[in-house]
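S.K.: What would the 3D arrangement of this be:
(one chain, ligands or ions: 1)
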Amino acid sequence: MITFDSYEIWFVTGSQHLYGPKTLDQVAENSQKIAAQLNQAKDIPVKVVFKPVVKTPEEIRALCKEANNAPACIGLITWMHTFSPAKMWIAGLNVLAKPFCHLHTQFGREIPWSQIDMDFMNLNQSAHGDREFGFIGSRMRLNRKVVVGHWQDDDVQQELGTWARAAAAWADSQDVKVARFGDNMRDVAVTEGNKVSAQMQFGYSVYGYGVGDLVAVVEQATEGDVDALAARYVEEYQVSPELHQTRSYSTLREAARLELGMRAFLEAGNFKAFTTTFEDLNGINQLPGLACQRLMMDGYGFGAEGDWKTAALVRAMKVMGAGLPGGTSFMEDYTYHMPAGGTAQVLGAHMLEVCPSIASDKPSLQVHPLSIGGKADPARLLFNTKTGPALNASLIDLGNRFRLIVNPVEVVPIESKLPNLPVAQALWVPQPNLKIAAAAWIYAGGAHHTGFSQAVSVEMLQDFADMAEIECLLIDNKTEIAEFKKEIRSNHVYYSLARGL
Ligand code: MN
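M.R.: Numbering: from 1, shown residues only. All right, here's what the predicted structure looks like:
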């Protein structure tokens, strides 16, 4: 279960001593009111904490250092109620290691035309004070989010909430440990990547284990625990009434043993994501399907075939979408439906490992042979995916940097029965259509593995990419191939120059 209970966002108001104590008292009072209301906002899932108004370079630097050292603080919302000369902010912003969101708002909605005087003007200077603060952010080349509008407006609170979710995922990623049971699938290129670079860029620690290390823990599961978990499977999912009498029940018990072992391994090592590979199952009797599905359901990131980048991305997306309607899963673009004259669609699935958080119906638990891997028939959950908007995201390693690719899709109903396809699946139409989306995705180098989500928004991923300081390419209804290719080319130049050597 992922919650934001241990996280805080600090509401930081900038000012200066020029206006005297009376004005500053008013600034503090107004800021407290805003922070209190943002804290209550239904669209902001993280606690918002008021911080005393900062008025000097020393106060600003001390506050930024305090934020860095506060484990609960996942970012700052900054706002200039009055003018706050921005050279005062340089020392603080230079050391600030947490993301910040610049809220460009004003305490009062409307100008009191009949009463407005110079005192009012001096108190309510966001319109130019925030521009001064914005300049120093741009001058220092700082990635930050700018949100504009009245603080009581829904759209403003929603944008702050979106940013807060990205900040939570960013805070979470700083200590994401990914356990890899086996290496990448041999010869596969896109699932590879530089683990040192990933740790420097995102905070991910990627740990490799021999499958024997996992087997040793799996073997510690007691028969009583195995029986109890197998019985829970039968309760939680649709199961054929004959399952108990068939050989499949022993398979199900082995799947339960695997889940108990994997869960114990991940919990003991404090892991938040993991990978498996069907090419390395030494000592395991079946490819873990059900276990991966259930662990994903509980918030673990997952990548198949050793794909640790996607595992970490799925974890980040699970955090961003926590508590929102809709689920998040590991996914793969599997097969196309391209009817003559009709709308081209993508059938997404995997061998087994799709997260039931995206299911439209109660999953059916079944045991079937797997056509690759040469192991026993694995247990897995089958279901259809909820229709409606969703997106796919892919994180790739370009050799010298990372790129995130995001494509909103519309999940559509599957009109036919699929009696011979024993996996969970989703059918979707990508934005703007398959012809442009797939071409853009391929030009961008996007992987076949993705994080698929009905809960995460494009903006959350864009905010997250900004925090990580990586490129984010969006393929949506506005995408046009010639422009997209230009964006890729200019981004290559930008990121080479921005990063330097
Ligand atoms: Mn795959």
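S.K.: Quick check: chain neighbours aside, which residue is closest to Leu160?
M.R.: Ile44 (5.5 Å; CB to CB, 6 or more residues apart in numbering). For glycine as for every other residue, the C-beta is placed from the backbone atoms N, C-alpha and C.
S.K.: and the one you found, that's in a helix?
M.R.: No - membership of Ile44 in a helix is not supported by DSSP: H, G, I helix; E, B strand; the rest coil, which gives coil.
S.K.: Give the burial count for it, as a bare number.
M.R.: 23 (other CB atoms under 10 Å).
S.K.: Tell me which helix or strand the residue of the chain positioned farthest from its centre sits in.
M.R.: Here the centre of the chain is the reference, and by CA atoms, centre = their mean the most remote residue is Ser114, at 48.7 Å. For Ser114, there is no host helix or strand (DSSP states H and E).
S.K.: That one and the ion: what is the separation?
M.R.: Distance, Ser114 to the ion, using CB to the ion, to the nearest Å: 67 Å.
S.K.: same question, Gly161
M.R.: Between Gly161 and the ion the computed distance is 33 Å (CB to the ion).
S.K.: Let me know the pLDDT of the spatially most central residue of the chain.
M.R.: Against the mean C-alpha coordinate of the chain, by CA atoms, centre = their mean, the closest residue is Met317 at 2.3 Å. Met317 carries a pLDDT value of 98.
S.K.: Tell me the backbone dihedrals of it, please.
M.R.: According to degrees, to the nearest 10, the main-chain angles of Met317 amount to phi -70, psi -30.
S.K.: Give the full set of residues in contact with it.
M.R.: Ala169, Thr328, Ala393, Gly451, Ser453, Ala455, Val456, Leu461 (CB atoms under 8 Å, 6 or more residues apart in numbering).
S.K.: one more time with 7 Å
M.R.: Neighbour list for Met317: Thr328, Ala393, Gly451, Ser453, Val456 [criterion: CB atoms under 7 Å, 6 or more residues apart in numbering].
S.K.: For the stretch 101-250 of the chain, which residue gets nearest to the ion?
M.R.: Closest approach between the stretch 101-250 of the chain and the ion, counting by CB to the ion: Met185, at 7.7 Å.
S.K.: One more: the stretch 1-150 of the chain?
M.R.: Scanning the stretch 1-150 of the chain for proximity to the ion using CB to the ion identifies Ile2 as nearest, at 24.4 Å.
S.K.: sorry, back to before: farthest pair within the contacts of Met317?
M.R.: The span of these, defined through CB to CB, is set by Thr328 and Ala393 at 9.8 Å.
S.K.: which element is Val178 on?
M.R.: For Val178, the host element (DSSP H and E) is strand 177-181.
S.K.: strand partners of that strand, parallel vs antiparallel please.
M.R.: Sheet pairing for strand 177-181, assigned by DSSP bridges, gives strand 205-209 (parallel), strand 273-275 (parallel).
S.K.: Just send these back as TSV, with mean pLDDT, distance to the ion and mean neighbour count too.
M.R.: Converted to TSV, these look like this (pLDDT from 0 to 100; distance: least, CB to the ion, whole Å; neighbours: other CB atoms under 10 Å):
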stretch	mean pLDDT	distance to the ion	mean neighbour count
strand 205-209	98	18	16
strand 273-275	98	11	29
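S.K.: Quick one: closest of these to Met140.
M.R.: strand 205-209 (29.3 Å).
S.K.: Tell me the first helix or strand C-terminal of the closest one.
M.R.: helix 211-218.
S.K.: For Ile136, which non-adjacent residue is spatially closest?
M.R.: Per CB to CB, 6+ apart, closest to Ile136 is Ala86, 3.7 Å.
S.K.: Pull the number of nearby residues for that neighbour.
M.R.: 20.
S.K.: How about Ala316?
M.R.: Residues near Ala316, counting by other CB under 10 Å: 30.
S.K.: Dump the C-alpha coordinates for the strand or helix carrying it into CSV.
M.R.: Using DSSP H and E, Ala316 sits in helix 308-320. The C-alpha trace of helix 308-320 is given here as CSV (Å, rounded to 0.1, in the frame of the first residue of the first chain):
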residue,chain,number,x,y,z
TRP,A,308,14.9,-2.9,-14.4
LYS,A,309,14.3,0.6,-16.0
THR,A,310,10.6,-0.3,-16.6
ALA,A,311,10.4,-1.9,-13.1
ALA,A,312,11.5,1.4,-11.5
LEU,A,313,9.3,3.5,-13.8
VAL,A,314,6.2,1.3,-12.9
ARG,A,315,7.1,1.9,-9.2
ALA,A,316,7.3,5.7,-9.8
MET,A,317,3.9,5.6,-11.6
LYS,A,318,2.4,3.5,-8.8
VAL,A,319,3.4,6.3,-6.4
MET,A,320,2.1,9.1,-8.6
